[in-house]
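Chemist: got a sequence here, can you model it:
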Amino acid sequence: MLDVANNLKTVTKRIRLAEAEFGRTANTVKLLAVSKTRPVGDIRVAIAAGQRCFGESYVQEAVDKIHQIESTDIEWHFIGPIQSNKTRLITTHFSWVHGVDRVKIAQRLNDQRGPHQTALNICLQVNVSDEKTKSGVSLEALPGLVEAILPLPNLVLRGLMAIPAKSRLVSEQRSAFGKLRERLHALNRQFSINMDTLSMGMSNDLEAAIAEGATIVRVGSDIFGARR
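Modeler: Numbers count the residues shown, from 1 in each chain. Purely as a prediction, here's the structure:
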């Protein structure tokens, strides 16, 4: 468990060095620790080391962890595929959702957000590499989805999320992330809005993502080790 704290320091250093290298404002890229499948004990170590934002993909597992930890200053992000029958649990327990790619899901999240809760922060998942096996709205269909979601009062459209096709070439990584950045700026102009979030970049490509404007990077294995 002690490795978790040291790994957090290492990943955080990578992020800060990338901010400096690519001219980003210091401390503006948020680290989202992907804690799916990880035991509560590991998450507690990360919390003790100062980490406050965690990403989960399996609803019931996440809810159990949230109840065990019972901390009011932890920011929980849902980053997995969203099933219609799980939206109520998601709206009850999470403050961010990164994987919205259908109007139906957005509508359910909106309708089920409790009246005592603040609006739910959402990112639209974009299939930026046009992979047939991957979830996400296409670049072409993205404006229509934005238009449908903007009027929903219990959702705040914060930005875009993507998991591009894997590549070891930094130029290819940056090209995919650059497409997402350009599309976010285009949508802001088209709809006169101010989406401020690009959720992109993981353990193997976070530097390329930061170079292209990532504001949230999602890191699991480099913090918690190989998935068990």
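Chemist: which helix of the chain spans the most residues?
Modeler: Determined from DSSP state H, the single longest helix within the chain is helix 170-191.
Chemist: quick one: name whatever helix or strand follows that one.
Modeler: Next helix or strand after helix 170-191 toward the C-terminus (DSSP states H and E): strand 197-199.
Chemist: can you give me the helices in this protein?
Modeler: Listed in chain order, the helices of the chain (DSSP H) span 2-21, 40-48, 59-69, 87-93, 103-112, 142-149, 170-191, 206-211, 221-224.
Chemist: tell me which of these sits most buried.
Modeler: The highest mean neighbour count among these, using mean count of other CB atoms under 10 Å, belongs to helix 206-211: a mean of 24. C-betas here are computed from N, CA, C, even on glycine.
Chemist: ok, residues contacting that one?
Modeler: With contacts defined as CB atoms under 8 Å, 6 or more residues apart in numbering, helix 206-211 is touched by 11, 14-15, 18-19, 21-22, 24, 29, 170, 173-174, 177, 198, 200-201, 214, 217, 219.
Chemist: repeat for stretch 184-193
Modeler: For stretch 184-193, using CB under 8 Å, 6+ apart, the contacting residues are 142, 143, 146, 147, 150, 157, 159, 160, 194, 195, 198.
Chemist: pretty sure the last one sits against residue 180.
Modeler: It refers to residue 198. Yes - the criterion here is CB atoms under 8 Å, and residue 198 meets it with residue 180 at 6.1 Å.
Chemist: shared neighbours of the two, which are they?
Modeler: Counting by CB under 8 Å, 6+ apart, the contacts common to residue 198 and residue 180 are 160, 212.
Chemist: what mean pLDDT does stretch 188-203 have?
Modeler: Computed over stretch 188-203, the mean pLDDT rounds to 97.
Chemist: same question, stretch 60-74
Modeler: Stretch 60-74 carries an average pLDDT of 91.
Chemist: tell me how far it lies from the chain's centre.
Modeler: A distance of 18 Å separates the centroid of the chain from that of stretch 60-74, by CA atoms, centre = their mean, to the nearest Å.
Chemist: hmm, who's touching it?
Modeler: So stretch 60-74 is contacted by 35-37, 40, 43-44, 47, 52-54, 56, 76, 78, 89, 93-94 (CB under 8 Å, 6+ apart).
Chemist: closest to residue 130 among these?
Modeler: In terms of CB to CB, no member of the contacts of stretch 60-74 lies closer to residue 130 than residue 78, at 24.3 Å.
Chemist: so where's this protein uncertain?
Modeler: For the chain, applying pLDDT under 70 flags the ranges 1-2, 227-228.
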